[in-house]
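S.K.: Here is a sequence with its predicted model. Questions after.
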Amino acid sequence: RRSSDLLPTGSKFGFAYYPRNDAVAFHFRADVPVKEQADLAWEHRDVFVNPYDATVIGSRVTQVNGWSSFLPRTFIGFVFKLHYALLLPGIGGTVVGICAALLCFSLLTGLILWWPLDGKWKRVLSIKRGASGVRFNHDLHQSIGFYTLPVIFALLFSGIYFVLPTQFMALLHVFSPDAVRRYEVAPMPRADEALIGLESALKVMQTNFPDARPSWIYLPNTQKPRYMICQQEGARTNSNFIDRRCTVLDGYSGAVMHVEEAGIGTAGDTFIAWQWPLHSGYAFGWTGRILVLICGLLCPVVFVTGVIRWLQKRRARQLTSQRSAVRQENHTENDS
């Protein structure tokens, strides 16, 4: 149905969650004008639609523009924006991306410092029992840092892809020039043609990829007249781990323009297809999600113990310097 049937004139749909099962509603996200000047006063609204008779069964405002626009009105929206933008308007994503890149560098240099040149692997892979507080903090820092490094690095690196996509793709194109990011795929706008409806787009997906259920859908807009439909739960065809496929359809004809799926396209395309499943842990099912949860909780432990270790070494250097100064002073007095 047209947006004007569900929301005020000027409303723009942008995203939809497909029902997870037969008892769940469609979940649409839209920008809704509050006044006649839609570009000056608007609100984000979630609209829930009965998939059987297309009636609106509920809605909620999640964010309103203005001085408080950086604060979402829902708890999950608040947590999500804090996660990817630190609630900073405009520059939040850039700040998060730069921090993630610096932390990747910190992890790699930490691995170099951790590496046992004397070959005593047990010392760097375990925590010594009955050790002093200083030694316990040291062992805890390097042990947790080593065991969580693969997961934390994957989380940080994939996070860069989401918040700094232009820079990420520029680097990826050095190694895989033909790699394509699905968000950039779209036909040129054609004012003389009408867009196909969501029902028609879903029928195209059912015809081309009948093996999986849609999960979320990016709807067409004036700049990018395309449907992007992501499927999971049955989409595992080219990977033993990732049960996910995202397909871009021409919004005018319904033709398949791009398929993002691990094992399809260039090596760079497969690399891109892995980013969200790695970031969320979805690639490895509940095992991956639990690992992401545990490593996320251990991140503060790694950095707090690292700060404590730095303070300990700083204090030790200060004591050494003070002792050296005292010895020098005593030596001078003895010479006198």
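M.R.: Arrived safely. Numbering: from 1, shown residues only.
S.K.: could you pull out the helices for the stretch 201-336 of the chain?
M.R.: Under the criterion DSSP state H, counting those that start in this stretch, the stretch 201-336 of the chain carries helices at the ranges 267-280, 285-335.
S.K.: check contacts around residue 186.
M.R.: By CB atoms under 8 Å, 6 or more residues apart in numbering, the residues touching residue 186 are 223, 224, 225, 226, 248, 251, 257. Using the backbone N, CA and C atoms, a C-beta is placed for each residue, glycine as well.
S.K.: Wait, a strand at it?
M.R.: No - looking at residue 186 with DSSP: H, G, I helix; E, B strand; the rest coil, it is coil, so not inside a strand.
S.K.: The stretch 1-150 of the chain: helices as residue ranges?
M.R.: 3-6, 75-85, 92-114, 121-125, 133-163.
S.K.: To residue 195, which of these lies closest?
M.R.: Among the helices of the stretch 1-150 of the chain, the nearest to residue 195 by CB to CB is helix 3-6 (11.6 Å).
S.K.: average model confidence for the closest one?
M.R.: Mean per-residue pLDDT for helix 3-6: 51.
S.K.: Give me the neighbour count for residue 260.
M.R.: Look at residue 260: counted by other CB atoms under 10 Å, it has 23 neighbours.
S.K.: show me the residues around it that make contact.
M.R.: 182, 245, 246, 247, 248, 269, 272, 273.
S.K.: Let me know the closest of those to residue 107.
M.R.: Nearest to residue 107, judged by CB to CB, of the contacts of residue 260 is residue 272 at 21.8 Å.
S.K.: need the contact list for that closest one.
M.R.: Applying CB under 8 Å, 6+ apart to residue 272 gives the contacts 161, 172, 179, 180, 181, 182, 260.
S.K.: separation between the nearest residue to the third one once chain neighbours are set aside and residue 57?
M.R.: So the one you mean is residue 179. Spatially, and ignoring its direct neighbours in sequence, residue 179 is nearest to residue 268 (2.7 Å; CB to CB, 6 or more residues apart in numbering). Distance from residue 268 to residue 57, counting by CB to CB, to the nearest Å: 42 Å.
S.K.: So those two - more neighbours on which side?
M.R.: residue 268 (19 against 11).
S.K.: can I assume the more buried one is in contact with residue 175?
M.R.: Yes - if you go by CB atoms under 8 Å, residue 268 and residue 175 touch, sitting 6.8 Å apart.
S.K.: Where does pLDDT dip in the stretch 201-336 of the chain?
M.R.: Applying pLDDT under 70 to the stretch 201-336 of the chain flags residues 235-240, 333-336.
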